[in-house]
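Participant: next comes the sequence, and after it the predicted model I'd like to discuss.
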Amino acid sequence: MSNEKKVRAYTNIALIKYWGKRDDQLILPTSSSLSLTLDAFYTETSVSFDDSLEKDAFYLNETVQDEAATQKVSRFLNLFREQSGMKAPAIIKSTNYVPTAAGLASSASGMAALAGAANLATGLNLSPQELSIFARQGSGSATRSIYGGFVEWQKGTSSSDSYAVKVDDANWDIGMVVVVVNKKQKELSSREGMKLTVATSPFYQGWIDSTAVDLVNIKNAINDRDFEQIGAITESNGMKMHGTMLGANPPISYWEPDSVLAMQLVRQLRKKGIPCYFTMDAGPNVKVLCRLSDSEKIKTAFLDYFNEDQLIISGPGSDLKEITL
Ligand code: PMV
C-alpha cells in the first residue's frame, strides 16, 4: 500500500518571540508570538503508511536517521494515528532546503511539513487551524509555519485554541538578510534554554508583561504598513528575550563576537538612512529585517566583513502547500 504525498512548509523567524512554555507536554506558550515566514528556507516531507513495515523509518536528506530522531518523529505521528485510527508503520522522507552552509534551525518548517504530510497520508483532512494545533505539539515555532507572511501564534487558554492565524501576507517590500555567524548545532537547545529562563530569571515577568504590549503595537504597525515601527519593535523584543536569558542562573548567551559585529553594522546602516533592524534566536545567527528592495545593498555592506555564503536574502514565504510528485 502506498499513499505518498509531499508537503512543503517554509520556516519562520519570530519578530515577537516565543520564549517559555506554560505546559511542556502540550507545548502551550507563556505568551503569544508573531513571525515572518521566509521563502528561502523550507522542508519537504512525505509520509506513507505501509503494513509490511515493522516500524517507522525516517529519512532526512536521503539518510536514514538513528533511533532518537526516529522516535521523535514517531511520537509526533502517533498523534495522527490516534486521531485517524491508522495503525500501520510509516516511511517518512524529509528534505531540508536551506542554502548551503545556512545552519539555521529547521524545526519550524520540519514539524509543520511533517504535520501536513501526515494529514494527507491519514486522510484526516484537517483545517489549517487544526494543523497548526498539531504542528505545535511537534515544536512551538512550527505552529506558525502553517501560514505565509506575518503570522501570530495566539497562546490561547488550552490546546484547542492555541494556534496560529495569518495577520498579513507581507507582500509589500518586506525581506530578511540572514547573517550566518556559525552553522554548528547549538549547545543548549531552545527547549532547555527556555526551561532554565522560566525557572530562574528574575526578568521573566517583565518579559511577559512587555511582550504583550509589543504584540499589540506590532500588529497595529503591520496594519498601518509602518515598516520603521515594525522594525523598532522587532529589535527591542528580540533583545528583551536575550535579556531574560542573561538573567537566568546559570546565565545563557547564544551570542558570538560576529553576532555583535552584525548588530553594529545594522545600526550603522540605519544611521546612513537604510531602514533595517536585527533579531536573534537561540543561536548566534543574526536576522536583518529590511525592505526587500534594500536587501542587496545591505548584503553588499556586510560583504566587507562576512563571506558571500554567510549572507542569505529571503522574501516572505507562503502557506504550507502540497507538492505534486
Ligand atoms: O519551538 P522552538 O523550539 O523552535 O523554539 C523557538 C524559540 C525561538 O526561535 C527563540 C523564538 C521563536 O518564537 O521562534
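Facilitator: Arrived safely, thanks for sending. What you see is a predicted model, and the numbers here were worked out from it, not measured in a lab.
Participant: go through the strand or helix carrying residue 34 and flag the buried ones.
Facilitator: Assigned by DSSP states H and E, residue 34 belongs to strand 33-49. Using 16 or more other CB atoms under 10 Å as the test for burial, strand 33-49 gives 33-38, 40-49. In short, each C-beta sits where N, CA and C put it, glycine included.
Participant: closest one to the ligand out of these, please.
Facilitator: For the buried residues of strand 33-49, the closest approach to the ligand (CB to the nearest ligand atom) belongs to residue 33, at 4.7 Å.
Participant: list the contacts of residue 59.
Facilitator: Counting by CB atoms under 8 Å, 6 or more residues apart in numbering, residue 59 makes contact with 65, 91-94.
Participant: at 7 Å instead, please
Facilitator: By CB atoms under 7 Å, 6 or more residues apart in numbering, the residues touching residue 59 are 65, 92-94.
Participant: in its sheet, what does the host helix or strand of it sit against?
Facilitator: Using DSSP H and E, residue 59 sits within strand 57-60. For strand 57-60, the paired strands and their directions (DSSP bridges) read strand 63-64 (antiparallel), strand 90-97 (parallel).
Participant: how about the ones you listed in JSON lines, adding mean pLDDT and distance to residue 207?
Facilitator: Putting the strands paired with strand 57-60 into JSON lines (pLDDT from 0 to 100; distance: least, CB to CB, whole Å) gives the following:
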{"stretch": "strand 63-64", "mean pLDDT": "96", "distance to residue 207": "39"}
{"stretch": "strand 90-97", "mean pLDDT": "95", "distance to residue 207": "31"}
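Participant: tally up the residues packed near residue 30, please.
Facilitator: Here the number of neighbours of residue 30 (other CB atoms under 10 Å) works out to 18.
Participant: enumerate the residues of the stretch 1-150 of the chain near the ligand.
Facilitator: Within reach of the ligand by CB under 6 Å from any ligand atom, the stretch 1-150 of the chain has these residues: 14, 17-19, 33, 105, 107-108, 139-141.
Participant: picking up where we left off before, turn the strands paired with strand 57-60 into JSON lines, columns for mean neighbour count.
Facilitator: Compiled in JSON lines, the strands paired with strand 57-60 are given as follows (neighbours: other CB atoms under 10 Å):
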{"stretch": "strand 63-64", "mean neighbour count": "9"}
{"stretch": "strand 90-97", "mean neighbour count": "20"}
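Participant: using JSON lines, lay out those together with distance to residue 267.
Facilitator: Listed next are the strands paired with strand 57-60 as JSON lines, based on distance: least, CB to CB, whole Å:
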{"stretch": "strand 63-64", "distance to residue 267": "41"}
{"stretch": "strand 90-97", "distance to residue 267": "32"}
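Participant: all helices for the chain, in order.
Facilitator: Taking DSSP state H as the test, the helices found in the chain are 67-84, 107-122, 128-136, 190-200, 204-223, 227-246, 257-271, 295-302.
Participant: what's the closest of those helices to residue 158?
Facilitator: With CB to CB, the closest approach to residue 158 among these belongs to helix 128-136: 10.3 Å.
Participant: export the closest one to PDB, keeping only CA atoms.
Facilitator: C-alpha atoms of helix 128-136 as PDB (Å, rounded to 0.1, in the frame of the first residue of the first chain):
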ATOM      1  CA  PRO A 128      -5.100  24.800   8.600                       C
ATOM      2  CA  GLN A 129      -6.100  25.800  12.200                       C
ATOM      3  CA  GLU A 130      -6.200  22.200  13.300                       C
ATOM      4  CA  LEU A 131      -3.000  21.500  11.500                       C
ATOM      5  CA  SER A 132      -1.400  24.400  13.400                       C
ATOM      6  CA  ILE A 133      -2.500  22.800  16.700                       C
ATOM      7  CA  PHE A 134      -0.900  19.500  15.700                       C
ATOM      8  CA  ALA A 135       2.300  21.200  14.400                       C
ATOM      9  CA  ARG A 136       2.500  23.000  17.800                       C
END
